[in-house]
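Novice: Provide a 3D model corresponding to the input given below.
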Amino acid sequence: MDILDSLDFISNYVMMPIAAIFTTVLVVAVIGLNKMCKEIRGETKKWYREFVYQFCMCLIVIPCLLIILLNSLGILV
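Specialist: Numbers count the residues shown, from 1 in each chain. All right, here's what the predicted structure looks like:
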């Protein structure tokens with residue numbers, strides 16, 4: 001594998017899932033889900049899928065991203 005292929009692998013299969021995990025943790029822990037939902041909701045008073053968004057951000061997104069990262073590194077086959 002030459003240098004361009006190795007850099008492509010590192011950027012696509014390692015750095016992108018790590019950046020997505022850190023972005024999700026930033027939204028969930030630092031910003032807070034209530035503030036993020038308020039930002040998404042905007043001027044409308046009701047957002048019917050708010051619970052689904054919060055559930056996915058807390059319990060589905062991070063484990064799925066970890067599975068993608070471990071699978072791309074060859075740890076989880």
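Novice: buried residues in the worst-scoring helix or strand of the chain on mean pLDDT?
Specialist: Lowest by mean pLDDT, DSSP states H and E among the helices and strands of the chain is helix 33-41, with a mean of 89. Neighbour-count burial for helix 33-41 flags 33, 36-37 (criterion: 16 or more other Cβ atoms under 10 Å). Yep, even glycine has a C-beta here, placed from its N, CA and C like the rest.
Novice: redo these as TSV? Include distance to Cys58.
Specialist: TSV is the format used below for the buried residues of helix 33-41 (distance: Cβ to Cβ, whole Å):
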residue	distance to Cys58
Leu33	7
Met36	12
Cys37	12
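Novice: closest to Ile62 out of those?
Specialist: Leu33 (13.0 Å; Cβ to Cβ).
Novice: can you pull the contacts of Asp5?
Specialist: Contacts for Asp5 were tallied using Cβ atoms under 8 Å, 6 or more residues apart in numbering; there are none.
Novice: quick one: it from Met15, how far?
Specialist: 15 Å (Cβ to Cβ, to the nearest Å).
Novice: next: Ile62.
Specialist: With Cβ to Cβ as the criterion, Ile62 and Met15 are 17 Å apart.
Novice: more neighbours: which of the two?
Specialist: Ile62 (16 against 12; other Cβ atoms under 10 Å).
Novice: leaving out sequence neighbours, find the closest residue to that one.
Specialist: Thr24 (5.6 Å; Cβ to Cβ, 6 or more residues apart in numbering).
Novice: count of residues packed around the one you found?
Specialist: Every residue meeting other Cβ under 10 Å relative to Thr24 is counted, giving 17.
Novice: of the buried residues of helix 33-41, closest to Phe55?
Specialist: Nearest to Phe55 among those, with distances taken as Cβ to Cβ, is Leu33, at 10.0 Å.
Novice: quick check: closest non-adjacent residue to that closest one.
Specialist: Spatial nearest neighbour of Leu33, excluding adjacent residues (Cβ to Cβ, 6+ apart): Gln54 at 5.0 Å.
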